[in-house]
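Undergrad: give me coordinates for this.
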Amino acid sequence: MQLSQANKKRGAAAAIVLTALVALPVMGQVAPKPALRTMRSASQELLMTVASRNPFSSVERPGPGDERLRGRVTEVLPAGGYTYFAIDSGGESRWVVTTSEGVAEGALVEVKNMGTKRDFRSKKLRRSFETLVFGSVKALPQETASAELGG
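TA: Modelled structure (predicted):
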C-alpha cells in the first residue's frame with residue numbers, strides 16, 4: 001500500500017510532535033501551552049487517521065470456546081488476495097475470510113479465529129456479510145475428516 005505525499009507529511013509531522021512530547025519533559029522543560037495544544041491536536045489527528053484506515057479496529061476478539069472451529073466448506077468465493085469460505089459446523093453456517101487459497105469446496109477444515117466483524121461489506125464481491133470471521137483456514141487430513149464424519 002502506498003502512502004500519499006500528504007499522509008507521509010502528516011506522519012513525519014506527527015513523529016516530530018510525539019518526539020517533542022516525550023523529549024521535553026525528559027530534558028526538564030515544558031512546551032508552551034499553545035505548542036502543547038498544537039502537538040495534541042496533531043497527535044489526535046494521526047491516531048484518528050490510523051484508526052480509520054485499520055480494517056481490524058472494529059474486529060471483536062473471539063470469545064471463550066470460539067478460538068477454533070471445524071467444519072465443511074460449502075462455498076468458496078475468491079476475491080483478489082482474499083478467499084471467503086462458507087463453513088458448516090454441525091448445522092451452523094459461518095463465513096470466514098482468509099488470505100490462503102487451495103481449500104476446495106467439500107473439504108473439512110479447521111479455522112483459527114482471529115476475530116469477528118459484524119455487518120462487513122466486501123467491495124470486491126459487492127456483498128455484505130452479517131458476521132464474518134477473520135482467520136487462518138487449513139484443510140484437515142483425509143483420515144481426520146473420515147473419523148469426524150464417521151466414514
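Undergrad: count the residues that sit near residue 89.
TA: Neighbour count of residue 89, defined by other CB atoms under 10 Å: 14. Backbone N, C-alpha and C define where each C-beta goes, glycine included.
Undergrad: from residue 124, how far off is it?
TA: 25 Å (CB to CB, to the nearest Å).
Undergrad: show me where pLDDT drops low in the protein?
TA: 1-40, 42-44, 46-57, 143-151 (pLDDT under 70).
Undergrad: how about a cut-off of 80?
TA: Residues of the chain that meet the criterion pLDDT under 80 lie in 1-58, 100-101, 142-151.
Undergrad: tell me where it has strands.
TA: With DSSP state E applied, the chain shows strands at 68-79, 82-89, 92-98, 108-122, 127-139, listed in chain order.
Undergrad: in a markdown table, list those strands along with distance to residue 59.
TA: Below are these laid out as a markdown table (distance: least, CB to CB, whole Å):
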| stretch | distance to residue 59 |
| --- | --- |
| strand 68-79 | 16 |
| strand 82-89 | 15 |
| strand 92-98 | 11 |
| strand 108-122 | 4 |
| strand 127-139 | 6 |
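Undergrad: and residue 60, which of the ones you listed is closest to it?
TA: strand 108-122 (4.9 Å; CB to CB).
Undergrad: helices or strands next to that closest one in the packing?
TA: strand 68-79, strand 82-89, strand 127-139, helix 142-149 (3 or more CB pairs under 8 Å, 6 or more residues apart in numbering; DSSP states H and E).
Undergrad: the longest one versus strand 82-89: what angle between them?
TA: Direction vectors for strand 127-139 and strand 82-89, defined by axes from the mean of the first three to the mean of the last three CA atoms, to 10 degrees, enclose an angle of 80 degrees.
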